[in-house]
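A.B. asks: Sequence first, predicted coordinates after that:
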Amino acid sequence: MDNITMRREKRNAPMRKVDRDTIQYHLKLNRKMTEGATLALLPGDPFRVDKIARALNREYRELAWNREYRTALARLDGRPALVTSTGIGGPSTAIAIEELARLTSLIRVGTTGGIRAGIQAGDVVITTGAVRLDGASRDYAPIEYPAVAHPEILQALIESARRQRKRHHIGITASTDTFHPSQERPDTFSGYLIKRIRGATEEWRNLGVLNYEMESSTLLVLASVFGLRAGCVTGVVVSRHRGEKITTGRLRTGEKNAIEVAVAAVGMLIGPPRVKP
Ligand code: URA
């Protein structure tokens, strides 16, 4: 039995009482509260949790909110699904994934800055793999280890975007640890960019990278290491190629499109309710 299969078997083993009742340190959830959910949608922003949960089902319930981690439970066709915010960046995302690892499927639903020409605010990016510019994932696997989306999640996200006729792009995302220097923003406070970073955006663009965001590499690496299915869909809120600013209007459109793609993908992944024999 390989490691991933062993970990899956362990996760599926009968639950001990302590597992059902123990409240996790950060997410403040226990197994009982999650009502058998196997999938979680993961925005960064806790204030996006209710928007996503409502899109799954108007009658969602908030389960917990501690620091940046807020979780709601919604039912889609009777099947439970969680929405948990990860906070911004690798370290807080890694904590969320550690505590959600008893689920089987994790999908990041976030916002992003498009860097490739032709990517416009409001478009959706579906990540096939991430350039690991984060630090957290290096504590789980060496840098040679790929950050790749699980094919079943990827397929569901692509199918969902196609069915809804959303403008979407499928490809590689650069996942950074900082919003300002790593993404070469001219408004970093010091106005100074270290040599390693200067010209990075052009380099990534030349290498076919589509966009910048800050959580996908951590999510995809940890999910592969833990034997989970994961994927990432983000709404473009700024086109860095065109030098646009993030405005409330662009933020809302990008966010809405990513949520709509993610929610329809959940329907495909968790399927209709099981018929009792
Ligand atoms: N999130 C990012 O990390 N970068 C952007 O430009 C927009 C959203």
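C.D. replies: Done, it's in.
A.B. asks: Please count neighbours and contacts with C-alpha atoms only from this point.
C.D. replies: Will do.
A.B. asks: Just the pLDDT for Pro186.
C.D. replies: On pLDDT, Pro186 comes in at 84.
A.B. asks: residues near the closest residue to it other than its chain neighbours, how many?
C.D. replies: Excluding its sequence neighbours, the residue lying closest to Pro186 (C-alpha to C-alpha, 6 or more residues apart in numbering) is His180, at 7.7 Å. Neighbourhood size, His180 [other C-alpha atoms under 10 Å]: 14.
A.B. asks: List the beta-bridge partners for Thr111.
C.D. replies: Gly235 (DSSP bridges).
A.B. asks: got any ranges where this protein has weak pLDDT?
C.D. replies: By pLDDT under 70, the low-scoring segments of the chain are 1-19, 272-277.
A.B. asks: now for the longest helix belonging to it, which elements pack on it?
C.D. replies: Using DSSP state H to define each element, the chain has its longest helix at helix 248-270. Helices and strands touching helix 248-270, by 3 or more C-alpha pairs under 8 Å, 6 or more residues apart in numbering; DSSP states H and E, are helix 49-56, strand 105-114, strand 124-133, helix 151-163, strand 229-239.
A.B. asks: on contacts alone, who are the packing partners of the fourth one?
C.D. replies: Helix 151-163 sits against strand 124-133, strand 229-239, helix 248-270, with contacts defined as 3+ C-alpha pairs under 8 Å, 6+ apart.
A.B. asks: Go through the ones you listed and pick out the most buried.
C.D. replies: The highest mean neighbour count among the helices and strands packed on helix 151-163, using mean count of other C-alpha atoms under 10 Å, belongs to strand 229-239: a mean of 28.
A.B. asks: Between the helices and strands packed on helix 151-163, which one is closest to Leu42.
C.D. replies: strand 229-239 (8.9 Å; C-alpha to C-alpha).
A.B. asks: got the angle between that closest one and helix 151-163?
C.D. replies: 40 degrees (axes from the mean of the first three to the mean of the last three C-alpha atoms, to 10 degrees).
A.B. asks: Leaving out chain neighbours, which residue sits closest to Glu159?
C.D. replies: In space, Glu159 is closest to Ala265, 7.6 Å off (C-alpha to C-alpha, 6+ apart).
A.B. asks: do stretch 122-130 and the ligand meet?
C.D. replies: No. Contact of stretch 122-130 with the ligand (C-alpha under 6 Å from any ligand atom) is absent, the minimum separation being 11.7 Å.
A.B. asks: Pretty sure Pro146 sits against Val221.
C.D. replies: Yes. Here Pro146 reaches Val221: they are 6.9 Å apart, a contact under C-alpha atoms under 8 Å.
A.B. asks: Counting neighbours, go ahead and name the busier of those two.
C.D. replies: Val221 (29 against 16).
A.B. asks: residues touching the residue nearest to the spatial centre of the chain, list them.
C.D. replies: The residue lying closest to the centre of the chain (C-alpha atoms, centre = their mean) is Arg108, at 1.4 Å. Residues counted as contacts of Arg108 (C-alpha atoms under 8 Å, 6 or more residues apart in numbering) are 41-43, 216, 219, 230-234.
A.B. asks: near the ligand, which residues of the stretch 1-150 of the chain?
C.D. replies: The stretch 1-150 of the chain comes close to the ligand at residues 111-113, as judged by C-alpha under 6 Å from any ligand atom.
A.B. asks: Recalculate using a threshold of 8 Å.
C.D. replies: Counting by C-alpha under 8 Å from any ligand atom, the stretch 1-150 of the chain comes close to the ligand at 110-114.
A.B. asks: Please render those as CSV that adds neighbour count to the earlier fields.
C.D. replies: Shown next, in CSV, are those (neighbours: other C-alpha atoms under 10 Å):
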residue, neighbour count
Gly110, 30
Thr111, 29
Thr112, 27
Gly113, 26
Gly114, 30
